[in-house]
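Peer 1: Sharing a model prediction with you, sequence too.
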Amino acid sequence: MEVILKQDVQNLGNKDDIVTVKNGYGANWLIPQGLAIMATPSAKKVHAENLKQRAHKEAALRSEAEAKAAKMEGLTVKVAAKVSEKGKVFGSISNIQVAEAIVAAGQDVEKKNITLVGENLIKELGTYQAVVKVYKDIKATVNVEVVAAEE
């Protein structure tokens, strides 16, 4: 029996795979549990069309993300922080402040998509790098310059 998986099934396949299983497994477990549907000729046509449309949307999202990453690549943002006389930052600079600085520079980004290279927190003046995840595997590197805040 051929079935189209509606979600990932361990030791069988991933979502949208067409797999051959024993009749009892398909009819008594996969289909009643909502894990698969019968792979009839009409279901296969619908499945192929869905995959084609999904691939087209994925390509559009990917090209948009690549353009956004290209704009962001090499961007330098300044983050002002209170510092001691020795150049140590009171507290630390985290991805939250970096995200705010990138948004202020005109790029739309969420704090959860920013990873600071090296240490997790920045505690001294200087230039650091942050990696911004734009889309799945598309990333951009942003330079973060920590400067003393003027009082």
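Peer 2: Nice, thanks for sending it over.

Peer 1: Please verify my assumption that Leu61 contacts Val134.
Peer 2: No. Using C-beta atoms under 8 Å, Leu61 is not in contact with Val134, being 10.3 Å away. To be clear about C-beta, it is placed using only N, CA and C from the backbone, and glycine gets the same treatment.

Peer 1: which intervals of the chain have sub-threshold pLDDT?
Peer 2: 119-120, 151 (pLDDT under 70).

Peer 1: where exactly do the strands run in it?
Peer 2: Taking DSSP state E as the criterion, the chain contains strands spanning 2-5, 18-20, 36-38, 76-81, 88-93, 114-116, 122-124, 126-135, 138-148.

Peer 1: Enumerate the beta-bridge partners assigned to Ile37.
Peer 2: In this entry, Ile37 is beta-bridged to Ile4, by DSSP bridges.

Peer 1: Make JSON lines from the strands of the chain and add mean neighbour count and distance to Asn11 to it.
Peer 2: Listed next are the strands of the chain as JSON lines, based on neighbours: other C-beta atoms under 10 Å; distance: least, C-beta to C-beta, whole Å:
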{"stretch": "strand 2-5", "mean neighbour count": "20", "distance to Asn11": "12"}
{"stretch": "strand 18-20", "mean neighbour count": "14", "distance to Asn11": "11"}
{"stretch": "strand 36-38", "mean neighbour count": "19", "distance to Asn11": "14"}
{"stretch": "strand 76-81", "mean neighbour count": "16", "distance to Asn11": "47"}
{"stretch": "strand 88-93", "mean neighbour count": "15", "distance to Asn11": "45"}
{"stretch": "strand 114-116", "mean neighbour count": "17", "distance to Asn11": "33"}
{"stretch": "strand 122-124", "mean neighbour count": "18", "distance to Asn11": "45"}
{"stretch": "strand 126-135", "mean neighbour count": "17", "distance to Asn11": "30"}
{"stretch": "strand 138-148", "mean neighbour count": "18", "distance to Asn11": "32"}
